[in-house]
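Undergrad: Show me the folded form of this:
(2 chains)
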Amino acid sequence: MAIVSTNSNISRYGRPVLAWGVALLFFFPIFWMVLTSFKTDADAVKPEFLIWFTPTLDNYLNLTENYDYWRFATNSVITSVCATLFTLVVGIPAAYAMAFNPSRATKDILMWMLSTKMLPAAAVLYPMIFLAKGIGLYDTHVLVITVVSLINLPIAIWMLFTYFKEIPKDIIEAGKMDGVSTWGEVKEILIPLAWGGIASTALLIFIFCWNEAYWTVRLTTIDAATLSKLIEGNRAPEGLFFGRLSAVSTAAVGPIVVLGWFCQKQLVQGLTFGAVK
Amino acid sequence: MYHASKSDFKTRLQTWLPKLVLSPSLAMVLIFVYGFILFTVYLSFTDSRILPSYGWVGWENYNKLWRLSHWEISLKNLGIYASLYIAICTAIGLTLAIFLDQKIRGEGILRPIYLYPMALSFIVTGTAWKWFLDPGIGLEHTMHLWGWESFEFGWIKDRNLAIYTLVLAAVWQSSGFVMAMFLAGLRGIDSEIMKAAQIDGASNWNLYRRIVIPLLRPAFLSAFVILAHLAIKSYDLVIALTGGGPGRATELPATFMYSYTFTRNQMGIGASSAVIMLMTIAAIMVPYLYAELREKK
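TA: Numbering: from 1, shown residues only, chains lettered A, B, ... in the order given. Predicted structure coming up:
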């Protein structure tokens, strides 16, 4: 419900101007970073070139030389793709069980799972590192993938649950009558019907995995280090390599900004633990 | 499920299968969350320093912790940071939501622009803000070279003001999504109520103050809980933006915990600070979850 006021000029022109002004402010820091990434390191700190400058692609062409970008990017892709898949493999059966065989405790279990997302990671950080080093998994893909998917599992289950609940129970029941096995039910009925929901969940989890910094930075050194680690390690520019640092940061967030644009709704849903539907 | 069948095993399997497939997720959450929390709680009562050790020292770590000026500073910082962050985000979020709810032209473009900071990781946004706020290369430098010599914006290097740069960057990152929460709340309000009030001659200001904002109470509550727990957990942003400095000016409990556990080799104290953070979040979360659950039943 909108209250549309018609009577004053302030509300007719003032509000849109303000709304767009705020949008500009929101846009500026990242816009500035992207712009800087097309400048040479020398131009980047000269204000006369703030907007008007000769763009160069050098920073992007030299990403590998300057920062070994592709190794970190490959790790980010491996981690995010595998973690997303693992989350779905564990999450779909769990959400299926809760959506189609609900018990009195289902809601409580869901809430409890989501509540674990709110705990400070600090409280489990040390035991995790201790365990990882103890079993020799520190700085491996296996560890990072496991941890990152576990972190996102509650959100994934909860989102899948809300999508699965939309599917009429009768369809599943009918399948059961026809003697379809449980696995068949999931594969033949549930997955095709809930495809859109599964895809949006996957996209959201992928974004979360890609952005994950707390754990990936602390559980890796080199071998399994992701882009978060690369940025974290190079954030002090001191004006010297400003252009190229901007390029590597832009290259690190580029894919996510594009994906994020496509799934804003899921993003909000996931970030608010379902407070916004 | 209940119609009796000959193959008992299969029936039983069908009944148990949902529970079986659910159990790995539950087990993992149980072990990784609660198991590790218990371990941290246990560590906080031991004399662990660089490595875990199992000499029981009772409440000593907690006593030490509360005597540390470092911890006191980080709590004060958290107080300033969290209260400003929550208040400003809520104010901006609500204002933007009301604007967007007015059918402003270009809503489809505005909404994603407000939201996109949230899609970025704190490490990157912290870095971008660090550059922007740095007097040597960012805003101040640019203004100087453009001829505005007296322009000063060195908050990030100022012990007393650095904490506010943290608020600035965090507000920038989250207000868009607070806006989304309020917008959803606004769109959910029954239009009949509004029409009735408008017919009765309520002014817009009164309409918002007396009707809309009270109706948005659930949105306020969720926004508060989500922002509060984000504030207490804030770590990436601090590390990327100020690294806790200058000095200890932007040290928060999360960075305190990290430095005591991993770089100062005072694991027992680090663990006790983690336990206190946990308790604080629990004190906010438990009543909220309890209320949510009761409502749904």
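Undergrad: Can you name the residue of chain A nearest chain B?
TA: Closest residue of chain A to chain B, Cβ to the nearest Cβ: A:Gly260 (3.1 Å). Just so you know, the C-beta spots here come from the backbone N, C-alpha and C atoms, and that holds for glycine as well.
Undergrad: Render the CA-only coordinates of the strand or helix carrying that residue in PDB, please.
TA: In the assignment (DSSP states H and E), A:Gly260 maps to helix A:242-262. In PDB, the C-alpha atoms belonging to helix A:242-262 read as follows (Å, rounded to 0.1, in the frame of the first residue of the first chain):
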ATOM      1  CA  PHE A 242      46.300   1.700  -6.700                       C
ATOM      2  CA  GLY A 243      45.300   1.000 -10.200                       C
ATOM      3  CA  ARG A 244      46.200  -2.700 -10.200                       C
ATOM      4  CA  LEU A 245      44.800  -3.300  -6.800                       C
ATOM      5  CA  SER A 246      41.500  -1.800  -7.900                       C
ATOM      6  CA  ALA A 247      41.600  -4.100 -10.900                       C
ATOM      7  CA  VAL A 248      42.100  -7.200  -8.900                       C
ATOM      8  CA  SER A 249      39.300  -6.200  -6.400                       C
ATOM      9  CA  THR A 250      37.000  -5.500  -9.300                       C
ATOM     10  CA  ALA A 251      37.800  -8.900 -10.900                       C
ATOM     11  CA  ALA A 252      37.100 -10.500  -7.500                       C
ATOM     12  CA  VAL A 253      33.600  -9.100  -7.100                       C
ATOM     13  CA  GLY A 254      32.600  -8.700 -10.700                       C
ATOM     14  CA  PRO A 255      31.000 -12.200 -11.100                       C
ATOM     15  CA  ILE A 256      29.100 -11.800  -7.900                       C
ATOM     16  CA  VAL A 257      27.600  -8.300  -8.700                       C
ATOM     17  CA  VAL A 258      26.200  -9.700 -11.900                       C
ATOM     18  CA  LEU A 259      24.700 -12.800 -10.100                       C
ATOM     19  CA  GLY A 260      23.500 -10.700  -7.300                       C
ATOM     20  CA  TRP A 261      21.600  -8.500  -9.700                       C
ATOM     21  CA  PHE A 262      19.700 -11.500 -10.900                       C
END
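Undergrad: roughly how far is it from the heart of the chain?
TA: Here the centre of helix A:242-262 is set off from its chain's centre by 13 Å, with Cα atoms, centre = their mean, to the nearest Å.
Undergrad: per-residue confidence averaged over that helix?
TA: In this model, helix A:242-262 has a mean pLDDT of 80.
Undergrad: Low-confidence ranges, the stretch 101-250 of chain A, go.
TA: Applying pLDDT under 70 to the stretch 101-250 of chain A picks out residues A:235-240.
Undergrad: what ranges do the helices span in the stretch 51-200 of chain A?
TA: With DSSP state H, counting those that start in this stretch as the criterion, the stretch 51-200 of chain A has helices at A:58-61, A:63-67, A:69-100, A:106-116, A:122-134, A:141-165, A:169-177, A:182-184, A:191-193, A:195-211.
Undergrad: Quick one: those as CSV, columns for distance to B:Gly188 too.
TA: Shown next, in CSV, are these (distance: least, Cβ to Cβ, whole Å):
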stretch, distance to B:Gly188
helix A:58-61, 45
helix A:63-67, 46
helix A:69-100, 24
helix A:106-116, 21
helix A:122-134, 35
helix A:141-165, 16
helix A:169-177, 26
helix A:182-184, 37
helix A:191-193, 27
helix A:195-211, 21
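Undergrad: Now for residue 32, how many residues are close by?
TA: No chain was given, so I picked chain A. By other Cβ atoms under 10 Å in any protein chain shown, the residues close to A:Trp32 number 18.
Undergrad: The intended chain is chain B.
TA: 20.
Undergrad: follow-up on the earlier one: for the helix holding A:Gly260, list every residue counted as buried.
TA: The neighbour-count check on helix A:242-262 (16 or more other Cβ atoms under 10 Å in any protein chain shown) flags A:242-253, A:255-257, A:259-260 as buried.
Undergrad: thinking again about what came up before, out of the helices of the stretch 51-200 of chain A, which is closest to B:Met179?
TA: Nearest of the helices of the stretch 51-200 of chain A to B:Met179, taken as Cβ to Cβ: helix A:195-211 at 18.8 Å.
Undergrad: which residues does A:Pro16 contact?
TA: By Cβ atoms under 8 Å, 6 or more residues apart in numbering or on different chains, the contact set of A:Pro16 is B:Ile104, B:Arg105, B:Gly106.
Undergrad: Quick check: the residue of the stretch 101-250 of chain B nearest chain A.
TA: Counting by Cβ to the nearest Cβ, the stretch 101-250 of chain B gets nearest chain A through B:Ala119, at 3.1 Å.
Undergrad: What distance separates the opening and closing residues of stretch B:133-149?
TA: Stretch B:133-149 has an end-to-end distance of 16 Å (Cα to Cα, to the nearest Å).
Undergrad: how far is the strand or helix carrying B:Phe182 from where the chain is centred?
TA: Assigned by DSSP H and E, B:Phe182 belongs to helix B:162-187. Relative to its chain's centre, helix B:162-187 lies at 10 Å (Cα atoms, centre = their mean).
Undergrad: now do stretch B:260-267
TA: 24 Å.
Undergrad: How about stretch A:219-237?
TA: Using Cα atoms, centre = their mean, the offset of stretch A:219-237 from its chain centre is 17 Å.
Undergrad: which residues sit in contact with the nearest residue to the residue of the stretch 101-250 of chain B closest to chain A once chain neighbours are set aside?
TA: Of all residues not flanking B:Ala119 in the chain, A:Gly260 sits nearest, at 3.1 Å (Cβ to Cβ, 6 or more residues apart in numbering or on different chains). A:Gly260 makes contacts with A:Ile207, A:Leu267, B:Leu115, B:Tyr116, B:Ala119, B:Leu120, as judged by Cβ under 8 Å, 6+ apart.
Undergrad: Can you spell out the domain ranges of chain A, please?
TA: Domain assignment for chain A, taken from automatic domain parsing, gives A:2-49, A:68-233.
Undergrad: how about the ones you listed in JSON lines, adding distance to B:Arg264?
TA: Below are these laid out as JSON lines (distance: least, Cβ to Cβ, whole Å):
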{"stretch": "domain A:2-49", "distance to B:Arg264": "33"}
{"stretch": "domain A:68-233", "distance to B:Arg264": "13"}
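Undergrad: among these, which is the most enclosed?
TA: Among those, domain A:68-233 has the highest mean neighbour count (mean count of other Cβ atoms under 10 Å in any protein chain shown), at a mean of 19.
Undergrad: Which stretches in the stretch 151-297 of chain B count as helices?
TA: With DSSP H, counting those that start in this stretch, the ranges of helices along the stretch 151-297 of chain B come out as B:162-187, B:191-199, B:204-206, B:213-215, B:217-233, B:236-241, B:253-258, B:267-296.
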